[in-house]
Each structure stands twice: as C-alpha cells, then as structure tokens.
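J.: with the sequence up front, the predicted model follows.
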Amino acid sequence: MILNAYQISKSYHNGEKELHVLRNVDLELQQGEIITIMGQSGAGKTTLLNILGTLDRPDSGSVSICGQDISGLTEKKLSELRNKQLGFVFQFHHLLPEFTAMENVLMPALIAGDEQNARERADELFDYVGMTERRNHYPAQLSGGERLRAAVLRALILKPGVVLADEPTGNLDESNADRLLNLFHKINDDFNQAFVITTHNPNVADIGNRRFVLENETLNLIDSI
Amino acid sequence: MKFAFTIARRFMLGGKGAGPSQLTGWISIIGLAAGTFAMIISLAVLNGFEERVTKRVIGFEGDLRITTVDNNLNLSSILDHVLRDQYVADALPFQERKGLVSSTNQKQRLVSLKAIPINQFNNFYRIKIDASSQKPDDRSVYIGQVLARRLNVDVGDEINLMSPVDYSGNVGLPRRFSGTIAGVFHAEVLDVDDRVLFIPMSLGERLFTRKQGFDGIDIRLHDAEKAEDLKRYFRRILPGGISIKSWADLHSGLFNAMRMERLGTMAVLSLIVLVACFNLMSTLVLVTYQKIREIGILRTLGTTARRIQSIILMQGIMIGGLGAVVGIVISLMLVAAQNQFGLFTLPEEIYFIDKLPMVFNAVDLIAVICISFVFILISSLVASSRTLKINPKEAVYLEK
C-alpha cells in the first residue's frame, strides 16, 4: 500500500466556533491506482490533500505513506518524505518564474542534492510529453497547458510513490484539460504511477479507478472499476 | 549550500519584476558601499597623517631622553657614561626653560628656550634649517619658521631673550640677553616651529641662574628601532634619580590621541554600515513576502524551513557582500590613485605636505570587513528568521 489514511478528522476554529471539515475519513491507495475525490468548493478536498501531502496535520487519525507513519516524523523527515515520495500538481502551475522549465522540473532533485543524476530522466520526461524543444523556456514563455505539463514532470522527476493533484484542470480550457487527463492516464499506464486527484468536475473524476465524493465531512465511495 | 546559492541568486532582490525590493535592495547596496568606502578612506587618511607625524617625530630630538628626577643630580657624569656606551651614536645635553623672546619691533612671544651646544645642532637634530654661512658663536640662536614669521625676523636679525623666573642681582628684574638669529629651522613637527628656540649652552648658563646644570640629555642610538629595549638597558646600568623616555613615551599623548581618533572614526562610520544594514533587513523581509508563494512551493517540494532561511540569509550576504566589496574596491582604487597621481592637494603652509596622505593598512581592511560582515550577518539572520514562520500550505494558495 502506497498511502493509508485512517480515521482522519480535521476542524478549524473561528473564535469559539468550531468548523468540522473532515470526520473519520479513511482512504487507501495501492500502487498504480488512480483515486479521484469529488466535492464542492469548501467541501474539504484541499484540506484532505494537504493532510495526505504532510503539509497539514490531522486533529486525529493517522496517515502512513509508503509504509511510514508520518505522525511522529520531524519537520526535516517530513520534508524529505515530501521530496522523495510525494509529487504535487496544483490548479495553478506554480512553477518558479525565475527558472526555466528544465530547472523547475529538476527542482526536487536540486533539493535532494541529486540534480546531475536526474538530468537524464528529465530529458526523457520532456521527450515523453513532447516538450523537448521547450525545456529551456521560462514559464512566462510557455502556454498554460505546457506550464501544467512541466508541473506534472516536476512531480514525477524523483519517481514518487504518489502524485497528489489538486484541481489540476481547474484553470485549463477543455482541450488542454483533456490533454492533461490523457497524460495522467498515460503516466499511470506506463509508469504504474499512483495518483490522488481532487476535482469538482465529474469528467475528470471519471479517470479514477475508484471515485469518491467528499460531502458532509465524510468521504464516500461512489464507484470503482 | 549550492541549493541556497542557486535559489538566492535567482530570487536576488525579489526576482523578476520585483519593484520595491529592488529599489530598497539597491539602496542598501549603495549604503553599504558608501559605509565601507567612508571607513577605508577615512582610516587611510588618518594612517597617512599618522605615518607622516610618526616619521617626523621619530628621532627628531633623538631616540631617548634622560632627565633628572632628583634636582641635585649632576648629569655630566651620566653624559660621559652614555657617550662611551656601544649603543649610543651621539648624545647632547640641554637645558630647557620657559622664556620670553622679543624682536626689535617690540613683538613678544612666550617660548621654550632650549640651550644646547649650538655647534652640534646640525649633527644631532634632523631638522631642515636655513642658516647663515658663518659658524655659530655664543650669540647665535636658531628660531622656528613660524615664530620667525610671527616676530617678523629673519637670519641676521637681533632678538632679545628673557627668563622671567631668573633675576639679575637684587633689583628683581628678569635676566635679559640679546642674540643673533643664525638660522631659521623647519621642524614641521607639532608646534615646534612656533614654540622652541635653540640657544647656545653658554647663553643658557648665563640666562638660567636659578638652577644650574643640564636638564637632560638627548641620545641618538645606532639602531633607533631598539629604543624601547635600550631604554630598559639604560635604566639598569645608569644610577637612579633619572627618568629615561623613548621618543614614543615623549609623544605618547599624541599617539594615544591618534589611536583614539582612529577608533572613534571607525565607530562613527560603522553607523553608516549599520543604517545600510537596516535597509538590507527591510529588503530581505520584502523579498520574503514577495516570494512567499515560491517559498511555499519549495517547502511543498521538500525544502526544510531552515534551508528556506538559508536562501534569504545567503541573499542578504550576497547583497550586503556586493555593497561592501564595491565600497572596498573603489576605496582601495582611490587610495592607489591618490598615491600615484596625488588627486587631492593640501595647502602646504598649513599641513607641511602638498598632497592628502593616504596609507592602506591591512589590519584596517580586515576590521572593516569584519564589522561589515557582522552587521550584514546579524541583519540577514534577523530578516531570514521570518521565513521560519511561513506555513507552506497557506503560502502556496496565497493570492499575490
């Protein structure tokens, strides 16, 4: 099992008022599986993804990634886990504007201190998504679709256990959204890569092997293939 | 380190399109450059003057001076002893008292009358002098150029000398003798040209009746650099009741003042660097908030908070270092250019030199670098500590 979330609860406090976002959420993710989580804006999709991505801590429950329980990990160990085992794709590309597409893709490797070894894989990945000619362009010189594809490559560069995608198509037109979803499929097929994708778009949710909906603070399975 | 440097370089002054942080960044670079420039140039000028003063003061009145502590002690036997010593090149006895000098045009000045074997003046003292061609006699006096100008006298003119504390007979009037100016000297050290008048020993003996005998002995050594060691040596071998001082002791007040002046200058000019570092701090805080989303992304990708801090710290060192290096390089170039071409001139009649003296000192350079680096490091550390409070999940989703 790549990822296991058990009985996750999370609430926020606004003065004396307590706002429950997640209540006793369970989620398991196997190698090579795509899970999609649907939900309306404010349903808690991003909160769940942040907890799964170790950017936030649950009030109760536990999360283990690649067999490692994250609850007792130090900030340094959590950072290392994010770097090596987790890939992130956001709604906005979130590429660093001062770095070229290639440098952005290599950023996790630079953080890990393994930039040189990752360069060959980065070349292969750019070739894989047909962006070889664009790899030395800065984000401002790329189209919206290219930026998001570069962000996907950045998430894949260190062969993470799971890629967490938060509304990845939310900022793309239909054509680019389709291309991105096809890319996710292709990566899943070719690299046996596991994904957790949040979306409010049923078409996007269709690519999941298992589809969940997050509503009323709980995560419910809709169907599985 | 490579990671922090790479990111810091690209995020320099807030990265692409960063307006306010670039402006404040350049202001802090200019401020630091101005601070280090001012410190190095000011210290170089002080060094220049100190070196010239030291050069003139060293040995101008000999390397060691023996004076009596016990008024009954006769220095004649000590003079004989000193003259025979292997380390001594020459020795000159003297009497030095306060006196009045007046010219025929009734102008008067209070001076220090120094009675010496006048025919040894040129051999012993390293003082430039415009002297008459005649050999000095019992009436020959040497007057400083400033004093000569004040009294409006020149070589060959008569002047009157009085010792107010030495009386003639029972009348109670001060003793008074006249002398002929045999030379006008240019010591160009402190106020010697305005304050000291050299007179023959025979004239001194007649003028200073209240206390007979030498007041002291000026000693010139074969090796002036051993003055401090030989001071202790003479203290050991000569009888008690005397005081032995080196040229450095005689002018210790002056050298202490110069040292304090250097320290004061450095402390005051450090404030320029300090103010520039406040600016650097605000630049780094501004950069941190301009790049907060990028910082959030880097944290998401697995960068620890400490490494994020090191990026901002590195940027502070880069910005501050750039300013400090620019200031240091320009100041060193200016010092070199001044020494080569004499760009800045001085009125020679006031300063005795025609060009502003500048001397580079490696210790000063190290001190300036250390002061700047400490200020830069502290301000960068304070500013970069703000990054530790950034929550990555909030930073990533922050709308800028």
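T.: Received, thanks. Numbers count the residues shown, from 1 in each chain, chains lettered A, B, ... in the order given.

J.: where in the chain is pLDDT low?
T.: Picking chain A for this. For chain A, residues meeting the criterion pLDDT under 70 lie at A:225.

J.: other chain: chain B
T.: Those would be B:13-21, B:59, B:168-172, B:398-400, if you go by pLDDT under 70 across chain B.

J.: what sits against the residue sitting nearest the centre point of it?
T.: Most central in chain B under Cα atoms, centre = their mean is residue B:50, positioned 3.3 Å from the mean C-alpha point. Taking Cβ atoms under 8 Å, 6 or more residues apart in numbering or on different chains, we find residue B:50 in contact with B:258, B:262, B:359. The C-beta positions use only the backbone N, C-alpha and C, and glycine is treated the same way.

J.: same deal with residue B:269?
T.: Residue B:269 neighbours (Cβ under 8 Å, 6+ apart): B:35, B:38-39, B:42.

J.: for residue B:217, same thing?
T.: B:65-66, B:75, B:78-79, B:82, B:91-94.

J.: is it possible to get TSV of the residues you listed that adds distance to chain A and secondary structure?
T.: Compiled in TSV, these are given as follows (distance: Cβ to the nearest Cβ, whole Å; DSSP: H, G, I helix; E, B strand; the rest coil):
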residue	distance to chain A	secondary structure
B:65	69	strand
B:66	72	strand
B:75	79	helix
B:78	77	helix
B:79	79	helix
B:82	74	helix
B:91	74	strand
B:92	75	strand
B:93	79	strand
B:94	76	strand
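
J.: which residue is the nearest non-sequential neighbour of residue B:316?
T.: Spatial nearest neighbour of residue B:316, excluding adjacent residues (Cβ to Cβ, 6 or more residues apart in numbering or on different chains): residue B:380 at 2.7 Å.

J.: double-check that that neighbour belongs to a helix.
T.: Yes: looking at residue B:380 with DSSP: H, G, I helix; E, B strand; the rest coil, it is inside a helix.

J.: pretty sure it contacts residue B:312?
T.: Yes: Residue B:380 is within contact range of residue B:312, at 7.1 Å (criterion: Cβ atoms under 8 Å).

J.: which residues do these two both contact?
T.: With Cβ under 8 Å, 6+ apart, residue B:380 and residue B:312 have common neighbours residue B:284.

J.: going along the chain, name the helices of the stretch 251-400 of chain B.
T.: Here the stretch 251-400 of chain B has its helices, by DSSP state H, counting those that start in this stretch, at B:252-290, B:292-300, B:305-341, B:348-351, B:362-384, B:392-396.

J.: hmm, who's touching the last one?
T.: Outside helix B:392-396, the residues that touch it by Cβ under 8 Å, 6+ apart are A:50, A:55-56, A:90, A:94, B:292-293, B:295-297, B:299-300.

J.: columns neighbour count and distance to residue A:221 on top of those residues, output as a markdown table?
T.: Putting these into a markdown table (neighbours: other Cβ atoms under 10 Å in any protein chain shown; distance: Cβ to Cβ, whole Å) gives the following:
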| residue | neighbour count | distance to residue A:221 |
| --- | --- | --- |
| A:50 | 23 | 21 |
| A:55 | 24 | 25 |
| A:56 | 17 | 23 |
| A:90 | 23 | 25 |
| A:94 | 22 | 30 |
| B:292 | 20 | 37 |
| B:293 | 18 | 34 |
| B:295 | 27 | 37 |
| B:296 | 22 | 32 |
| B:297 | 24 | 32 |
| B:299 | 25 | 32 |
| B:300 | 26 | 28 |
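
J.: so can I have CSV of these showing distance to residue A:26?
T.: Below are those laid out as CSV (distance: Cβ to Cβ, whole Å):
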residue, distance to residue A:26
A:50, 17
A:55, 20
A:56, 17
A:90, 25
A:94, 29
B:292, 34
B:293, 32
B:295, 33
B:296, 28
B:297, 29
B:299, 27
B:300, 24
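
J.: related to what we said a few turns ago, tell me which two of the contacts of residue B:269 sit farthest apart.
T.: Greatest spatial distance among those (Cβ to Cβ): B:35 and B:42, at 10.8 Å.

J.: which of these two has more residues huddled nearby?
T.: residue B:35 (26 against 19; other Cβ atoms under 10 Å in any protein chain shown).

J.: the more buried one reaches residue B:372, doesn't it?
T.: Yes: the pair residue B:35 / residue B:372 is scored as a contact, 7.1 Å apart, by Cβ under 8 Å.

J.: hey, what's in contact with both of those two?
T.: Joint contacts of residue B:35 and residue B:372 (Cβ under 8 Å, 6+ apart) are B:273, B:324.

J.: coming back round to it: closest to chain A among the contacts of residue B:269?
T.: The closest of the contacts of residue B:269 to chain A turns out to be residue B:35 (Cβ to the nearest Cβ; 29.2 Å).

J.: OK, contacts around the residue of chain B found nearest chain A?
T.: As assessed by Cβ to the nearest Cβ, chain A sits closest to residue B:302 within chain B, at 2.4 Å. If you count contacts by Cβ under 8 Å, 6+ apart, residue B:302 has them with A:79-84, A:108, A:111-112.

J.: so how far is residue B:74 from it?
T.: Distance of residue B:302 to residue B:74, computed by Cβ to Cβ, to the nearest Å: 90 Å.

J.: residue B:386 now?
T.: 78 Å.

J.: same thing with residue B:341?
T.: Separation of residue B:341 from residue B:74 (Cβ to Cβ): 57 Å.

J.: so for these two, which sits in the more crowded spot?
T.: Just comparing residue B:341 and residue B:74: by other Cβ under 10 Å the higher neighbour count belongs to residue B:74, 12 against 9.

J.: give me the number of residues near residue B:259?
T.: 12.

J.: need the residues of chain A near chain B, please.
T.: A:46, A:50, A:53, A:55-56, A:75-76, A:79-84, A:88, A:90, A:94, A:96-99, A:107-108, A:110-113, A:154 (Cβ under 8 Å from any Cβ of the partner chain).
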